[in-house]
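Chemist: structure of the sequence below:
(chains A, B, C and D)
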Protein chains: 4
Amino acid sequence: MTSEPPAARRTYSYLGPAGTFTEAALAQVPEARAQEWRPVRNVGEALSDVTEGRSDAAVIAIENSVDGGVSTAQDALATVPGLRIVGEYLVPVEFVLVARPGATLDDVSVVAAHPVAYAQCLQWLSRALPAHSHIPAASNVASAMGLIDGSIAADAAIAPPGILEHHELELLASAIGDNPNAVTRFVLVSKTVAPPPPTGADKTSLIVELPDDHPGALLEMLEQFATRGINLSLLASRPIGDALGRYRFVIDADGHIEDERMADALLGLRRFSPQVVFLGSYPRADRAVVHYPERYSDDVFVEARDWLRGLISGEPDDA
Amino acid sequence: MTSEPPAARRTYSYLGPAGTFTEAALAQVPEARAQEWRPVRNVGEALSDVTEGRSDAAVIAIENSVDGGVSTAQDALATVPGLRIVGEYLVPVEFVLVARPGATLDDVSVVAAHPVAYAQCLQWLSRALPAHSHIPAASNVASAMGLIDGSIAADAAIAPPGILEHHELELLASAIGDNPNAVTRFVLVSKTVAPPPPTGADKTSLIVELPDDHPGALLEMLEQFATRGINLSLLASRPIGDALGRYRFVIDADGHIEDERMADALLGLRRFSPQVVFLGSYPRADRAVVHYPERYSDDVFVEARDWLRGLISGEPDDA
Amino acid sequence: MTSEPPAARRTYSYLGPAGTFTEAALAQVPEARAQEWRPVRNVGEALSDVTEGRSDAAVIAIENSVDGGVSTAQDALATVPGLRIVGEYLVPVEFVLVARPGATLDDVSVVAAHPVAYAQCLQWLSRALPAHSHIPAASNVASAMGLIDGSIAADAAIAPPGILEHHELELLASAIGDNPNAVTRFVLVSKTVAPPPPTGADKTSLIVELPDDHPGALLEMLEQFATRGINLSLLASRPIGDALGRYRFVIDADGHIEDERMADALLGLRRFSPQVVFLGSYPRADRAVVHYPERYSDDVFVEARDWLRGLISGEPDDA
Amino acid sequence: MTSEPPAARRTYSYLGPAGTFTEAALAQVPEARAQEWRPVRNVGEALSDVTEGRSDAAVIAIENSVDGGVSTAQDALATVPGLRIVGEYLVPVEFVLVARPGATLDDVSVVAAHPVAYAQCLQWLSRALPAHSHIPAASNVASAMGLIDGSIAADAAIAPPGILEHHELELLASAIGDNPNAVTRFVLVSKTVAPPPPTGADKTSLIVELPDDHPGALLEMLEQFATRGINLSLLASRPIGDALGRYRFVIDADGHIEDERMADALLGLRRFSPQVVFLGSYPRADRAVVHYPERYSDDVFVEARDWLRGLISGEPDDA
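Modeler: Here you go, the predicted structure:
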């Protein structure tokens, strides 16, 4: 009689400490439940955990509806080889203002906040605390931690609501973000693997460089998508870094690499571009089914290939 | 000891009678030497000889450098199924003015000529015979035959130079065509067969209908070629015939169906157009090697497919 | 007491003789009523009547729904300077088979017909007169005239129905054209004048040469129209005549030169093309109002110019 | 005898305090010499100084060769009306590591740095101070100021080299930036005024929204430039902020609004886009003359307009 050895626990890296928005994203990953969650200090550490085998996957923030692409994450994905995006998760961005137990809003003159969070709450702060000053913190949780351990000389901190589950803090105000619909998009990144199967509601992420700097190169790149009926949900330019005016493009395109129209677009991109990094095809967080003109359906591609094969073999053209 | 049975003689249809430019084109077809040449009265008869098995192939005029596409030939190829162009031949268009033996230019007041030939010699006629009148003839040879047998009441006839090899006629003037570089393009048409192998100096002929009448449909069709670096040597519109403003397009494109870029363009056309007729890929008459940007070479297409296959299987992206 | 001097009668040239389709087109020109109609033998003569002042205008056939562009007319308009199209007229193309008085269909073995008319009746002839032979005639009326005066050795002639009003002939069969909806488009051509004012249902005719022979030149030309929401009702290629593969394009575009979007397209064409011939803007024969996206309306163009002027002068941008 | 009243001193706002890269940019502005320089705490304050009349102009960082667009500056220019860019300046980005007088590199375990500066020195820090930890500072000068006044609990600070001219600090290391060619682009922003005259080496900055989210909208926008031979030196997408996937585009295009091709492109954009913000045309910092195909020169535009005017007036077409 033999017994199955227990499956090894999997490890997931995320921007810690406990209570960050990234942890909230990780909590949405079904296969991460009851596995090991590994807090790290920045996206570079999260990705090297994956490439060097310390973690099976990492969750990183990739885009914010107010602030735009997270450039460090985009740049890391563009340059670190051996990674693939396998999932996408959305976390509403809400902020609370917290203080040490017993404090009130009247006591607040100095506010600790991560600079991005600070920018997203500026309208509220200008109204509620017109005379405040700001101390930048390293993360949305570090701001509150600094209050607790006294390492930041502030009276209050901007933090995600989840902070209250982990630490004893006074809630001074909630929903202080200027845009109530703000949302941050996170991706789950693993080592290079085969993409998860198509679901009909998929997204493909790419990094593309242009062949050279002429008026039509970007146009030609975008035509690779437009001429296959593929919509882009993200197009961001990032400097390659060697000179002003040299960019690579971060792209999210609707559809899956195993969709015929997407495969055809990828072939076109590869032939055109000096550098295409395929970051992955994965189910969209919102599960919205991708719509496209019927003329770009898989059937149409398959039929055309059969037709071409017939022409070359000399079968009569029945068109 | 066995002996090979003699190969069956092949039959080639052409617009007769002997002496036409079409016969001169047929004389350029190596495999037609010492075979049976079958003169016919029009392009419809030539093509039905092929589809109904009376001939193995037919030579038909398809385009003239002065007059443009031969619309009856283009329309026949667009609508008669089961045909394929397998070769192309160029014949310089030269005309002579001939008369009955003993006649001189001074005797000429009425000139018999096929209307197209007449139009191509009009400048010369206006100078040399300002007071002439014109009787139309059914072909470039019928004009001269009518002189001989008296069925046309003319004093002289415009005909190809070859007429003098077949009939006893007085040469009144030669090289009377207004454009000394005029040339007519002929194609050799067989039943549907596999295309002859690529030579690097090939042409592909197509008939394409547009999906519907909107400002961008023609643009989109042409982009199928332009985005694969394919030059068009012929683009002619022909009415479909059911209403004004509805056209099909007659296209000659540089390259062979077995060239990757052409195959890819054909796939794109087939997916886009309600009707694509592939007329054939065949060596160009002028044997001019087709040049195209390196990025559209076969290697680039093959490499891109390998890359795509690797992405789908989960191999690390080495790009 | 003074009296107005009588207005000089105007002269209109047309392809004669009386009874041709061209005469039927001229009968549709309101301002030609009760003026002098001058029959000529070909399109060249009609146009030189205008350029040399013998006529005020000429009516010429420009396109046939079955046969396509009338290449001689297109080529003449492309090369003869000083002309402008000022009107368009449609004539249904119907054919009858006529013979000398007393003849019957059983008597017919040889048919006289203009080659274009012959082609359009070929299906009927193949059914009704399978053993006939064909003698080409110079015009649709000349075929019947040759019967009458004995100059053509035929038993019957294909002609327009109007022939019966002018000549005593036996009607053997009517409506013998293969396409019952066939129609020919005629244009009225004058010396260069200002275009007639826009009606909202206008057409603009152009001849355009491409800058040089590269894959994208035709695309770029067509984009001049597509990017201004202008539909093309005719696009025909005509050889320039100096070499195979060199074309000019004959274009009919929906709209009037005084429409902002058309004026802008013409500017774009002029900047792009080595040669643009503006043949005219004139009311469509079918009076069909031209529809186009709202974003290409005159208002939008005018507003954009005002905006640009404000930017340059330093007015605050109110956008 | 009257004497000229002294000209009022002009005021220029910049991100302070003294010693920042922004001050280095301001030092390049010739007309700012010997005028009042007003240090401010952030880009919002700098721009409201201008719109509210406290300053005549402001210098703000707009793009970094390593880090990409400065999103707060781009967003501010997109949303604050009444501003115009009138000049551009480049400042090489160099960093030094400084400490309190007498300290050495061995004493350093905690480093204060603005997050962007920290990211640009990370490779050097990983080699030289592998065990360091990071405290974020509000600016590149605030990091060093915090050392001096004790408000930041760090041992060293990353700062621009200019800091040593203003404060007594120990230089621990210089040229510690990871990219020796890093450069930041600054712009000089005034109230809306007429653009400075064209110099032949100009740039035009725009913010453009797309009409709606369909595959071709971005393509169509880019074609407005490409079809006039205009190169883009910057194309960045910024979220509009109301939902994920909705972007505006920040564009720098080569050329001046008074160049015909640029004026024409702006007209096209205005007709196409629901919102175009013209930020200004101004001389490029690098004074590099803009090259473009001859067919887009001013002469060609002027000639085409003359031609069009002639057509409409009925002058003979001399083309």
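
Chemist: can you show me the helices along chain A?
Modeler: A:21-26, A:43-51, A:71-79, A:115-120, A:122-128, A:142-149, A:163-166, A:217-226, A:260-272, A:298-313 (DSSP state H).

Chemist: those: lowest mean pLDDT?
Modeler: The minimum mean pLDDT among these belongs to helix A:115-120 (a mean of 80).

Chemist: quick one on the thing from earlier: how about the helices of chain A, which one is nearest chain C?
Modeler: helix A:217-226 (10.9 Å; CB to the nearest CB). Using the backbone N, CA and C atoms, a C-beta is placed for each residue, glycine as well.

Chemist: which elements pack onto the closest one?
Modeler: strand A:232-239, strand A:247-254, helix A:260-272, helix D:217-226 (3 or more CB pairs under 8 Å, 6 or more residues apart in numbering or on different chains; DSSP states H and E).

Chemist: need the winner for burial among these.
Modeler: strand A:247-254 (a mean of 24; mean count of other CB atoms under 10 Å in any protein chain shown).

Chemist: and that strand with chain B, contact?
Modeler: No: using CB under 8 Å from any CB of the partner chain, strand A:247-254 stays clear of chain B, with a minimum separation of 12.1 Å.

Chemist: from the middle of its chain, how far away would that strand be?
Modeler: In terms of CA atoms, centre = their mean, to the nearest Å, the centre of strand A:247-254 is set 12 Å apart from its chain centre.

Chemist: angle of that strand against helix A:260-272?
Modeler: Strand A:247-254 and helix A:260-272 are oriented at 170 degrees to each other (axes from the mean of the first three to the mean of the last three CA atoms, to 10 degrees).

Chemist: tell me the angle of strand A:247-254 relative to helix A:71-79?
Modeler: Inter-element angle recorded for strand A:247-254 and helix A:71-79: 90 degrees (by the same axes, to 10 degrees).

Chemist: just to revisit the earlier point, so which of the helices of chain A is the most surrounded?
Modeler: helix A:21-26 (a mean of 25).

Chemist: now check that one, is it near chain D?
Modeler: No: contact of helix A:21-26 with chain D (CB under 8 Å from any CB) is absent, the minimum separation being 14.4 Å.

Chemist: can you list the strands that the one helix or strand in chain A whose mean pLDDT sits lowest pairs with?
Modeler: Every helix and strand in chain A was compared by mean pLDDT, DSSP states H and E; the lowest is strand A:68-69, with a mean of 72. Strand pairing for strand A:68-69, using DSSP bridges, gives strand A:57-64 (antiparallel).

Chemist: now the strand it pairs with: average pLDDT?
Modeler: 92.

Chemist: what's the local residue count around A:Gly216?
Modeler: Number of residues near A:Gly216 (other CB atoms under 10 Å in any protein chain shown) recorded here: 17.

Chemist: would you confirm that it contacts D:Ala226?
Modeler: Yes: A:Gly216 is in contact with D:Ala226 according to CB atoms under 8 Å; the separation is 5.1 Å.

Chemist: ok, back up a step: Serialize the helices of chain A to CSV and add fields for distance to B:Asp254.
Modeler: Output for these, formatted as CSV (distance: least, CB to CB, whole Å):
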stretch, distance to B:Asp254
helix A:21-26, 53
helix A:43-51, 47
helix A:71-79, 38
helix A:115-120, 55
helix A:122-128, 61
helix A:142-149, 64
helix A:163-166, 67
helix A:217-226, 20
helix A:260-272, 18
helix A:298-313, 18
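
Chemist: from chain D, how far off is the residue most central in space within chain A?
Modeler: With distances taken as CA atoms, centre = their mean, A:Ile62 lies nearest the centre of chain A, 2.7 Å away. For A:Ile62, the distance to chain D equals 11 Å [CB to the nearest CB, to the nearest Å].

Chemist: again, but for A:Leu47
Modeler: Going from A:Leu47 to chain D by CB to the nearest CB gives 14 Å.

Chemist: that residue: what's it in contact with?
Modeler: Contact partners of A:Leu47, counting by CB atoms under 8 Å, 6 or more residues apart in numbering or on different chains, are A:Ala58, A:Ile60, A:Ala76, A:Leu77, A:Val80, A:Leu83, A:Val189.

Chemist: of those residues, closest to chain D?
Modeler: For those, the nearest to chain D is A:Ala76 (11.0 Å; CB to the nearest CB).

Chemist: any residues of the stretch 101-250 of chain A in contact with chain D? List them.
Modeler: Proximity of the stretch 101-250 of chain A to chain D (CB under 8 Å from any CB) is limited to residues A:115, A:119, A:134-138, A:151, A:153, A:179, A:181, A:183, A:185, A:213-216, A:218-219, A:222-223, A:225-226, A:229-239, A:241-245, A:247.

Chemist: understood, closing this out.
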